[in-house]
Structure formats: C-alpha cells, structure tokens
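Chemist: model this:
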Amino acid sequence: MYLGIDLGTSGLKAMLVDELFEVVGVAQAPLTVSRAQPGWSEQAPDDWIAAAETAIGALRRTHPAAMARVQAIGLSGQMHGATLLDRGDAVLRPCILWNDGRSAAQCATLTGRADFHGIAGNLVMAGFTAPKLLWVAEHEPALFARVTKILLPKDYLRLWLTGEHVSDMSDAAGTLWLDVGRRAWSAELLSATGLSRDHMPALVEGSDVSGRLRADLAARWGMGRVPVAGGGGDNAATACGMGVMAPGTAFLSLGTSGVLFAATDRFAPNTAEAVHAFCHALPETWHQMGVILSATDSMRWLSEIVRMPVPDLAALVPDEVPAPSPVGFLPYLSGERTPLNDPDAAGAFLNLRRGHGLPEMVQAVMEGVAMAFADCLHALRKAGTGIEAAYAVGGGAQSEAWLRIIAAATGLTLLVPEDGDYGAAFGAARLAAACATGDRSDRIFSRPRLRATFRPDPRLADAYEDKYRSYRRAWPALKAITP
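Modeler: Numbering: from 1, shown residues only. Predicted structure coming up:
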C-alpha cells in the first residue's frame, strides 16, 4: 500500500492505493482561506496539520489493515506559499498563499536586482514566493529579521511528519530562488531577496527519500516508520498521476483556471510569453505550463449573469458544432497569464448583433477559452516543446462540444481518461511507490486507459484559424480604448 497526501487550497486529500494503483480509500478535510485585506490570501499552517490529522485519522479508522501495509508516503501541495519559521520552527505569521497579490510592487524591484528570467526561467509575478518575502522585509522588518527557514506548504506538512526541512525540485522551482536548469538553490537570486541558502530547506527529487515518519505518528496511525518521498507541486504530481513524464506528453486541465502542461527533457523557458518553466518531479525531467486564469470560470460567470446552471448553458451548444459562433469572446475576466502577463486584461464579447442569442454567446465563451489554450500551445512551441496530443481533465472536460472545439482550435488530439481520480493525491501515491521500490519506469507512472479521443475536425480547424487571427488582434485593439 502507498499513501498519497495532497494539500490543496480548499482542502486536504489523503488517498490509499495498492500495488496495482487501485484506489483503496480516500479521506478529505476542508480548509478555509483568510482575506484580511483586499488582494490578500492567507492560511494558518496549524490548520494544515489539523486537516491531515482528520483525513489520515479517518483512513486509520476505516482501513486499519491497509494502513498497516503502507510502504511509503508521498506529498503534493499548493505551490508558492511562504511559510516562515523561526529558529525553533515556530510559525511567525500566517502563510501567504499562491493567489495573494500584495507583492505586485516588489516584482519590479526583484526583476531589476538579478537575472530571475534566465536563472529561475520565469517572470517575477506576485504569485511566486520570492516577492512575498521582499514584501515581508519591507512591511514587517522585525518579523523578517527572525526568519530562519522558509518552507512551502506541503514541506511544512513534511516537517511535522518527519522533523526534516526538505523540499523537492518541482515545488522549489515555484519559489523563484531555484536555478531550474541546475536543480539547485541560486545564491544570486536568494541574495536579491535578502536571503541565503541557510534559509532554504534541503532539496531532493520527488521520488527520493526525504525522511521517515515520526515514531509517534506511526504508532498513532498503525504504520511503520515508512519513508516519505520528496513528492511534487500540485501540477507536477497531477502529471505523475497521468504518466505525463516523457517529452511529447501533456495534459490540458479545463478547470476554474486552465493549464496546458507539457513534460520536457530540458530546461526550456519562454518568459516573453509568460510560460512557466519548472523542474518535474523525477530526475532529469522538466516541464512547461501555459496558464489561463478563467477557463470554466468564464462559463460560471455567464451562468451567474443569466441565472442559468452551467450544465443547462452547455446544453445549448450541440456536441458537434457546424461552424464557429459569429460572436467572439475574450476570456480575460481575471486578467491573463499566458501569453499576456497582464493582470489588467479585461474580458469582452465581440461582434454582438441584435439577432444573436444565448446559444451563440455560450459557444463564443467556449471558443474564447479554446483560443486561450491555442495561445498557450503556441507559447510552448516557441520554447521548443512539441506536443500533438494531451489528456483532457477537469470539470469542463465533461462537455464533448467543448472538447471538440478545443481540439479544432488548437490542433491537439484530446485524450479523455476512463473515469477515475488522476489528481495530485494519486500522483503523490505513485511518487511514494517510486520512493519505496526505486522503480521510476512506466510500470509506476503508467498512462490511463482512454474513454474517448477527440481529433481536430479539419473543416472546423480552418474556420477557427481565421477566428484565431481575429482573437489575437482583439485585445491590443481593445486595450487601446479601455479606461
């Protein structure tokens, strides 16, 4: 048995899988986010421990025999959070989360101080960890002076589990302090933030041993002092769950936000178009991500406006659309990441006429999100990533019409896995298995069986190519007249 733990923003999930990676048991515990000021987003690290106690305790009660057979634990978690500890490992303040925007002003300062683009391979954005620490240094200097260790959220959980200060390469890459090509902390980037390597945890690969479960926790949960794997950031762990490890493999997540994730065998940044270039969770592998901020959230927004449930809206679009909608849509309702890197980008309907109705608008929303994914694909390809197919996951992947539209607009073949949970907790369990066995092959990181395949419709692809050119021109023109 293997135990995977995923520390998300809204909850913690613990998953038990057997040696064939069949799910034996799942338990979850909710988490809340504190927003003390506009743009702030924080959590209390003690709440993560309480959630882990709840979820793992539930598995102990419902699956005691399986828990006794656990051979290793794997960790996954929300990335970029700043958990600040003093020399006694006491938490100094609530963790500043990935979606906290208070450090926007510090991003420009850091960009001018060191080669974050070249060494870390990413633009300096408020979501990353480094600008958060510069904000603390400027606004809470007495507290900053007491900081001895900085841990990412899942790594604080690891500290509780093992007593060790350790992170993995994929999660560490999201701090902006990692030399992503060399897979090591960068003294130059740390110094630009007023820090040194002493503030950082040790680094291991995601499939390596990071420590062993504390004796008291092992006794409480009826387990041995099993190894805890390095694990991975949430997207890297999700990729491990779907076997997206080798160059040419990818997944497309159609959730609240959207992610196009591609595995690579080298460090291949494209900061000019806001591509994220990170280490993957296995040695000598990296990955790239294009990120869009309003994917299914665009449909949720429209559903709130017209007061109609999202499934009812989606049903207005036939499974096989005959042609593009005459209406256009820019899905920049919360700004945009890839390729614009523009937090002030705004959404818009285009070419609306009196004769258009809700079906044309719903299809336009689906198409706008598809065009945003096309943007991500072009940005990844400019960095040298060649992908022709991607696993489609997330709530929006339940819509066949949307998948056909995305396939035609991007040129990607979309592969829909059989029903199952291939998320970050499952990937963490697979990393635990690799840690326990030393096996990093396809036997551990196998790809899911498919339920459906959606190939680009050549007829629609030609029409969407024309619409994509209009889409690319729309925001620069609209930005010029936006107040």
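Chemist: nearest spatial neighbour of residue 378, chain-adjacent residues omitted?
Modeler: With sequence-adjacent residues excluded and distances taken as C-beta to C-beta, 6 or more residues apart in numbering, residue 378 is closest to residue 339, at 7.5 Å. Using the backbone N, CA and C atoms, a C-beta is placed for each residue, glycine as well.
Chemist: what's residue 208 in contact with, if anything?
Modeler: 168, 229, 230, 435 (C-beta atoms under 8 Å, 6 or more residues apart in numbering).
Chemist: part of a strand, is residue 83?
Modeler: Yes: under DSSP: H, G, I helix; E, B strand; the rest coil, residue 83 sits within a strand.
Chemist: and residue 434, how far is that from residue 227?
Modeler: Shown here: residue 434 relative to residue 227, a distance of 11 Å by C-beta to C-beta, to the nearest Å.
Chemist: and for residue 7?
Modeler: In terms of C-beta to C-beta, residue 7 sits 19 Å off from residue 227.
Chemist: more neighbours, these two?
Modeler: Neighbours per residue (other C-beta atoms under 10 Å) separate residue 7 from residue 227, with residue 7 holding more: 30 against 19.
Chemist: make sure that one is actually in contact with residue 74.
Modeler: No: assessed by C-beta atoms under 8 Å, residue 7 is found out of contact with residue 74, at 11.8 Å.
Chemist: tell me the contacts of the closest residue to residue 410 other than its chain neighbours?
Modeler: Closest residue to residue 410 apart from its sequence neighbours, by C-beta to C-beta, 6+ apart: residue 374 at 4.8 Å. By C-beta under 8 Å, 6+ apart, the contact list for residue 374 reads 409, 410, 411, 468.
Chemist: could you dump those residues to CSV with pLDDT and secondary structure?
Modeler: Output for the contacts of residue 374, formatted as CSV (pLDDT from 0 to 100; DSSP: H, G, I helix; E, B strand; the rest coil):
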residue, pLDDT, secondary structure
409, 97, helix
410, 97, helix
411, 97, coil
468, 97, helix
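Chemist: between the residues you listed, which is nearest residue 139?
Modeler: residue 410 (42.2 Å; C-beta to C-beta).
Chemist: from residue 397, how far out is the closest one?
Modeler: As judged by C-beta to C-beta, residue 410 and residue 397 stand 14 Å apart.
Chemist: between these two, point out the one with more neighbours.
Modeler: residue 410 (26 against 22).
Chemist: and the more buried one, how close does it get to residue 128?
Modeler: 27 Å.
Chemist: tell me the SS of residue 287?
Modeler: Per three-state DSSP, residue 287 ends up strand.
Chemist: give the bridge partners for it, please.
Modeler: residue 263, residue 278 (DSSP bridges).
Chemist: what about it, neighbour count?
Modeler: 27.
Chemist: next: residue 83.
Modeler: 24.
Chemist: report pLDDT for it.
Modeler: At residue 83, the pLDDT value in this model is 98.
Chemist: before we move on, what about residue 120?
Modeler: Reported pLDDT for residue 120: 97.
Chemist: so what's it closest to, chain neighbours aside?
Modeler: In space, and not counting its chain neighbours, residue 120 is closest to residue 176: 4.7 Å by C-beta to C-beta, 6+ apart.
Chemist: just the strands in the stretch 1-150 of the chain please.
Modeler: Using DSSP state E, counting those that start in this stretch, the strands of the stretch 1-150 of the chain run over 2-7, 11-17, 23-30, 42-43, 72-77, 83-85, 95-96, 149-151.
Chemist: same thing with the stretch 251-400 of the chain?
Modeler: Using DSSP E, counting those that start in this stretch, strands in the stretch 251-400 of the chain cover 258-264, 276-279, 286-292, 328-330, 348-350, 389-393.
Chemist: mind putting these in CSV, distance to residue 3 included?
Modeler: Formatted as CSV, the strands of the stretch 251-400 of the chain follow (distance: least, C-beta to C-beta, whole Å):
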stretch, distance to residue 3
strand 258-264, 24
strand 276-279, 24
strand 286-292, 24
strand 328-330, 43
strand 348-350, 47
strand 389-393, 22
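Chemist: can you say which of those is nearest to residue 82?
Modeler: Nearest of those to residue 82, taken as C-beta to C-beta: strand 276-279 at 17.4 Å.
Chemist: who's in contact with the closest one?
Modeler: 121-122, 169-170, 172-174, 178, 180, 183, 233, 236, 267-270, 285-291, 338, 383.
Chemist: centroid residue for the protein?
Modeler: Centroid-nearest residue in the chain: residue 235, 3.9 Å away (criterion: C-alpha atoms, centre = their mean).
Chemist: okay, the host helix or strand of residue 217 in CSV with CA atoms only?
Modeler: In this structure, residue 217 sits in helix 215-221 according to DSSP states H and E. What follows is helix 215-221 as a C-alpha-only set of coordinates in CSV (Å, rounded to 0.1, in the frame of the first residue of the first chain):
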residue,chain,number,x,y,z
ALA,A,215,7.6,7.2,15.6
ASP,A,216,4.6,8.8,17.5
LEU,A,217,2.7,9.4,14.3
ALA,A,218,3.5,5.9,13.0
ALA,A,219,2.1,4.4,16.3
ARG,A,220,-1.0,6.6,16.1
TRP,A,221,-1.8,5.5,12.6
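Chemist: my guess is residue 297 contacts residue 258, does it?
Modeler: No: using C-beta under 8 Å, residue 297 makes no contact with residue 258, being 9.1 Å away.
Chemist: just checking, residue 222 touches residue 60?
Modeler: Yes: if you go by C-beta under 8 Å, residue 222 and residue 60 touch, sitting 6.0 Å apart.
Chemist: who touches both of those two?
Modeler: residue 67.
Chemist: between the strands of the stretch 1-150 of the chain, which one is closest to residue 56.
Modeler: Using C-beta to C-beta, the strands of the stretch 1-150 of the chain put strand 11-17 closest to residue 56, at 5.2 Å.
Chemist: quick one, what contacts residue 134?
Modeler: Counted by C-beta under 8 Å, 6+ apart, residue 134 has contacts 103, 106, 109, 110, 193, 194.
Chemist: quickly note the distance from it to residue 464.
Modeler: 43 Å.
Chemist: and residue 481, by the same measure?
Modeler: Residue 481 is 26 Å from residue 464, by C-beta to C-beta.
Chemist: neighbour count winner among these two?
Modeler: residue 464 (26 against 6).
Chemist: make sure that one is indeed in a helix.
Modeler: Yes: assigned with three-state DSSP, residue 464 falls within a helix.
Chemist: number of residues surrounding the spatially closest residue to it that is not a sequence neighbour?
Modeler: Nearest residue to residue 464, sequence neighbours excluded (C-beta to C-beta, 6+ apart): residue 409, at 4.4 Å. By the criterion of other C-beta under 10 Å, residue 409 has 28 neighbours.
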